[in-house]
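> what's the 3D shape of this:
(chains A and B)
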Amino acid sequence: MSANILLQIAILFPLLASALILITGKNPGLRDKITLVSATFLFIVVIFIYRAFDASLQVEEGTAVKSIAVNWAEIVPGLHLGFKLEALGMLFALIASALWLVTSIYGIGYMRGNNEKNQTRFFMLFPIAISAALGIAFASNLLTLFIFYEVMTLSTFPLVTHKGSEHAMKSGRIYLGVLIGSSIGLFLPAIIWVWAVTGTTDFVAGGILQDKLSPLHLSILAALFVLGVGKAAVMPIHRWLPAAMVAPTPVSALLHAVAVVKAGVFSVLKIVVYVFGIDTLSDASYLHFLMYLVGFTIVMASIIALGHDNLKKRLAYSTISQLSYVVLGALILSPISVVGSALHIAAHAFGKITLFFAAGSIYTASKKTEISQLDGIGHRMPWTMAAFTIGALSMIGLPPAVGFISKWYLLMGAYDEQVYFAMGVIVVSTLLNAAYFVPIIYRAFFKTEADGSKPHGEANKAIVVALSITACMTILLFCFPNIPFALAQSIAVQ
Amino acid sequence: MSAHLPILQVILPLLAAPTCLLLGRTQLLWMFTCGVSALCAVISFQLLHTVHTSGDIIYSLGGWSAPVGIEYRIDSLNAFVLLLVTSLSTVVLCAAKQSIAKEVPESRQLYFYVAFLLCLAGLLGILCTGDAFNVFVFLEISSLSTYTLIALGRDRRALWASYQYLIMGTIGATFILIGIGLLYMITGTLNMRDLAQRLPDVEQAHTLYTGFAFFIVGVCLKLALFPLHLWLPNAYAYAPSIVTAFLAATATKVAVYVLIRFIFNVFGFDFSLSQFPLPQIWLALGIIGVFAASIVAMSQHNIKRLFAFSSVAQIGYIIMGLSLGTAAGVQAALLHVFNHALMKGAIFLAIAGLCYRLGAATMNEFKGLGKQMPWTMAAIVAGGLSLIGVPLTVGFISKWYLVLAFIEKGWWMIVPFIVIGSLLAVVYVWRLVECAYFQEADSKREAGEAPLSILLPTWILVFANIYFGVQPQFTVHATSIATLGLFGATP
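Model (predicted):
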């Protein structure tokens, strides 16, 4: 089957899965099987797409350039609804589909372990969000990306407000208000601006804005994009992410550590590389202000994380901080730092999902949500806390976790371009990362449990299996970073 | 036969109206009315085709040519609006039978069909004619029948709303009449083309200005430009649901047509938009209208009123497009006329289905509707998305062209207003969504899906919203030809 068709299957198939899950909602066993089978199927499809893409890369070195692209409709001249495969999107698609599979296993264990209501709605909306993630990954232009970006926002809203309580609805409104507000208020005008200047919104290697805008305007446009893509959670557009933590943990894990937030930073990276072009953007004279803002976000979010006792809130602020690494890497504007950014998307995805899985596992087994309650829990839940430790190592950027590699490249890129500000930010925030993760590990393994607490063991098997898989991946990616590395490199080479 | 199509368009519903009195049963009435409207739609399609292929059609009434007799002129502009009005009225009528049976007492259903046909005849007459006084006559026909239609509402407040509209509408019509009278006084003709030729040479500038001002204010009242919109929310809210759908989709659109026609083909582009500070006034009123109406819409409890205010806001966008005075701006306005008719048609038809099941459409009724009436709610959400201007819906197309028109003219500063206006739409649409999908229904109520006869027309319009949002070639082509015609005629 040709890669073009596979590409469309990857985007449309989750929607079919969603419909099937809705129909079989009355029969939870069958419904959950459909979730697992379709997640597996999608992962296989994406792997096949990757193989086709890899093959086309080999061809490119030889003679003809054969791109894998589909065009669905031309709405207005220069405005397409279409998809095109390129390295960065491929990387994102691989991550999202692989982690959907793992999260499906975990989600089933979690929803059953906690007897949540409205499970069918929950499992039905997941594939829609994944379809949107793949649409964003494969989008060939800004408009297509924008459409799927909004689909993702809307489809995840019922997941965030899953509990249906007053508090959940209030948080949901913040979530939706910030994301929709920033995307329509800033992102869309930026797209219109690009279209008005160039007559196209396509992603082209090397960018489409050469010599089209003055340095000042380039800086303003960059700011519109970076802030308008609210999912990248650069301060002050970050409020939605902590608000989204009212969602059940599988949602926080897959969507607010991987799919949604990665869609944000992925979009920023893609826009910097394929709309501005690294060379063009380096003319933007006021870009360093934007970089200060991103650096501020990294440090400030880490400091806020320190002050939160709620485990998921702390992880959320850690996510905000880590996301800005990716944006920072994009704004350093060196090929090496772009490689670092792309790798960090992968590294953070696997590390952070492990941490969230662990948080959910703790909640399922013991109903504990606060860090101060976690004394000695490492003895009751050794698997969970071991995985947590690995995830934390990756966040701090220590070997043998994959976070080390991406931070290394970010630092190298910053050094190459002599952006000492960025280097300073990375070093300071690494220390802060350690400061808010190490005490949790210390508590879990070296403090003794308070007297009179209820005995409990690990959470159910599905949860433990899922978090073990992602923890192993974090280490395996450190040892064998070939695939993400090759993909990341081919972006920088262009 | 085909030579008589322009007049047939008007005569057909006009004669059909009294014929209704002869048909006793409502079933027959309904089928007859639908048939007439569908026939008009076919004719207007034929007319548009003819105009696009072989140019304007001129038809002299009774064989008396222009200065003496009344002439009907079909060009690419009114052929386009004709198609819009007739096709939407047909779709709306298809849904009418059950909805009207529910909302209007048996004894008065006859009046509905008669008044509907008269109203249609009036609107089509306004569109076809090339005679200024004829415009007024047909305007009165459509207005008087509209008052009747609104007064048919079950709620007693419908009478009051109808009366309110009667007063406001009569003021508007009188202004228009005074305007046309003054024009006649200084030129001695009522034919639009003759008016256009003689007006530039007129020496009594004051009379001309006065006539112009009266006319414009009168028409703006009919099209519910902020702050002349006061009649609209109540009229929409208390009229029978089908009437609301029909009015929202057609009546204000025809008024916009009259405005464009007189600005470009009677007064002339130069006079209207250069010598008069009209663009500035319109732009300001358009922006304020979008904001004020959207903000008021946010706090509405009655859903029909909510979308009525949203209509006022959308008129603001149309007027903003016109205020540019460029081809791109007029094209954007025309696109929005068409697209807004589709959105509001879909939304109000869906609400008609809702009223059929629940008896009323307030926020309270909306609780839990996402589960109880999934198709109806999905239609409202789709229409709402279109209203916001989400890509892949028609709303995106017209907003996109509007923004481009502003950029082309160099008025960058206006673009943020359009964007913020869309955000306001997000807020009021979202309130509905949250109510329908995330709140539990009152335990007593058991509401099923709307009947198929209402649901089907609703979804036809929803699909039109999406189809013309993804494949806008037809609308863009038709409006660009219409715009070219307007600007070609006034170099």
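
> wait, what's in contact with B:G421?
By Cβ atoms under 8 Å, 6 or more residues apart in numbering or on different chains, B:G421 lies in contact with B:290-291, B:294, B:313, B:316-317. Every C-beta, even on glycine, is put in place using the N, C-alpha and C of the backbone.

> Quick check: residues of chain A near chain B?
A:73, A:75-76, A:79, A:81, A:143, A:146-147, A:150, A:158, A:161, A:164, A:169, A:172-173, A:176, A:180-181, A:184-185, A:188-189, A:192, A:196 (Cβ under 8 Å from any Cβ of the partner chain).

> quick one: B:T326 and B:F406 touch, right?
No. Using Cβ atoms under 8 Å, B:T326 is not in contact with B:F406; the gap is 9.5 Å.

> Could you check which of the two is surrounded by more residues?
A direct count of neighbours by other Cβ atoms under 10 Å in any protein chain shown for B:T326 and B:F406 places B:F406 higher, at 24 against 18.

> got a list of what the more buried one touches?
With Cβ under 8 Å, 6+ apart, B:F406 has these contacts: B:324, B:329, B:412, B:414-415, B:418.

> From those residues, list the buried ones, please.
Neighbour counting with 16 or more other Cβ atoms under 10 Å in any protein chain shown marks B:324, B:329, B:414-415, B:418 as buried within those.

> element containing the closest residue to chain B within the stretch 301-450 of chain A, please.
As assessed by Cβ to the nearest Cβ, chain B sits closest to A:K312 within the stretch 301-450 of chain A, at 22.0 Å. When elements are assigned from DSSP states H and E, A:K312 belongs to helix A:311-332.

> what angle do whatever helix or strand comes next after that helix and helix A:311-332 make?
Next helix or strand after helix A:311-332 toward the C-terminus (DSSP H and E): helix A:335-366. Angular relation of helix A:335-366 and helix A:311-332 on a 0 to 180 degree scale: 170 degrees, by axes from the mean of the first three to the mean of the last three Cα atoms, to 10 degrees.

> need the contact list for the closest residue to chain A within the stretch 101-250 of chain B.
Closest to chain A within the stretch 101-250 of chain B is B:F226: 22.6 Å, counting by Cβ to the nearest Cβ. Contact analysis of B:F226 by Cβ under 8 Å, 6+ apart lists B:285-286, B:288-289, B:292-293, B:312, B:315-316.

> Next, count neighbours for residue 289.
Assuming you mean chain A. A:F289: 12 neighbours (other Cβ under 10 Å).

> was after chain B, sorry
27.

> coming back round to it: out of the contacts of B:G421, which are inside helices?
The helices, defined by DSSP state H, take in B:290-291, B:294, B:313, B:316-317 from the contacts of B:G421.

> Next, format the residues you listed as a markdown table and append distance to chain A.
Listed next are these as a markdown table, based on distance: Cβ to the nearest Cβ, whole Å:
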| residue | distance to chain A |
| --- | --- |
| B:V290 | 15 |
| B:F291 | 15 |
| B:S294 | 14 |
| B:A313 | 16 |
| B:G316 | 18 |
| B:Y317 | 15 |
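
> who wins for neighbours among these?
Ranked by neighbours (other Cβ under 10 Å), the ones in helices among the contacts of B:G421 are led by B:G316, which has 29 neighbours.

> how about low-confidence regions in chain B?
B:1, B:443-444, B:489-491 (pLDDT under 70).

> Output the set of residues of it in proximity to chain A.
B:388, B:390-392, B:396-397, B:400-401, B:403-404, B:407, B:415-416, B:419-420, B:422-423, B:426, B:430, B:434, B:437-438, B:469-472, B:476.

> Can you flag the buried ones in those residues?
B:388, B:390-392, B:396-397, B:400-401, B:403-404, B:407, B:415, B:419-420, B:422-423, B:426, B:430, B:434, B:437-438, B:469-470, B:472, B:476.

> circling back to that earlier point, take the residues of chain A next to chain B and keep only those in helices.
Reading helices off the residues of chain A next to chain B with DSSP H, I get A:143, A:146-147, A:150, A:158, A:169, A:172-173, A:176, A:180-181, A:188-189, A:192, A:196.

> tell me how far stretch B:182-189 is from the chain's mean position?
29 Å (Cα atoms, centre = their mean, to the nearest Å).

> swap in stretch B:299-315?
That offset, for stretch B:299-315, works out to 15 Å (Cα atoms, centre = their mean).

> Equivalent analysis for stretch A:212-221, please.
That offset, for stretch A:212-221, works out to 28 Å (Cα atoms, centre = their mean).

> residue contacts, A:T103?
A:126, A:250, A:253-254, A:353, A:466.

> I'd like these written out as CSV, with secondary structure and neighbour count added.
Formatted as CSV, the contacts of A:T103 follow (DSSP: H, G, I helix; E, B strand; the rest coil; neighbours: other Cβ atoms under 10 Å in any protein chain shown):
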residue, secondary structure, neighbour count
A:F126, helix, 28
A:P250, helix, 29
A:A253, helix, 32
A:L254, helix, 29
A:I353, helix, 29
A:A466, helix, 30
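
> Dump stretch A:321-335 to CSV, keeping only the CA atoms.
Taking Å, rounded to 0.1, in the frame of the first residue of the first chain, the C-alpha atoms of stretch A:321-335 are listed here in CSV:
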residue,chain,number,x,y,z
SER,A,321,9.3,24.4,32.4
GLN,A,322,10.3,21.5,30.2
LEU,A,323,8.2,22.6,27.3
SER,A,324,10.0,25.9,27.2
TYR,A,325,13.2,24.0,26.7
VAL,A,326,11.9,23.0,23.4
VAL,A,327,10.9,26.5,22.5
LEU,A,328,14.2,27.8,23.8
GLY,A,329,16.0,25.3,21.6
ALA,A,330,14.1,26.6,18.6
LEU,A,331,14.8,30.2,19.4
ILE,A,332,18.6,29.6,19.8
LEU,A,333,18.5,29.1,16.0
SER,A,334,21.4,26.8,15.6
PRO,A,335,21.0,23.5,13.8
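
> Would you check which pair of the contacts of B:F406 lies furthest apart?
B:G329 and B:W412 (14.6 Å; Cβ to Cβ).

> Can you report how many residues neighbour the spatially closest residue to A:A284 that is not a sequence neighbour?
With Cβ to Cβ, 6 or more residues apart in numbering or on different chains as the criterion, A:A284 has its nearest non-adjacent residue at 3.8 Å, and that residue is A:L218. A:L218: 21 surrounding residues under other Cβ under 10 Å.

> pLDDT score assigned to A:L218?
For A:L218, the pLDDT comes out at 86.

> Helix, strand, or coil at it?
helix (DSSP: H, G, I helix; E, B strand; the rest coil).

> isn't it right up against A:D279?
No. A:L218 is beyond contact range of A:D279, at 11.6 Å (criterion: Cβ under 8 Å).

> Name all residues that make contact with the closest residue to chain A within the stretch 251-400 of chain B.
Scanning the stretch 251-400 of chain B for the residue nearest chain A gives B:P391, at 4.9 Å (criterion: Cβ to the nearest Cβ). Each residue near B:P391 by Cβ under 8 Å, 6+ apart is listed here: A:75, A:143, A:146-147, A:150, B:469.

> Could you look up the SS state of it?
Classified using three-state DSSP, B:P391 is coil.

> Could you do A:E116 as well?
coil.

> quick one: the closest residue to it other than its chain neighbours from A:I336, how far?
In space, and not counting its chain neighbours, A:E116 is closest to A:P248: 6.2 Å by Cβ to Cβ, 6+ apart. Separation of A:P248 from A:I336 (Cβ to Cβ, to the nearest Å): 39 Å.

> do the same with A:L142
From A:L142 over to A:I336 (counting by Cβ to Cβ), the distance is 26 Å.

> Who has more neighbours out of those two?
A direct count of neighbours by other Cβ under 10 Å for A:L142 and A:I336 places A:L142 higher, at 29 against 22.

> The more buried one reaches A:T201, doesn't it?
Yes. Using Cβ under 8 Å, A:L142 makes contact with A:T201 at a distance of 3.9 Å.
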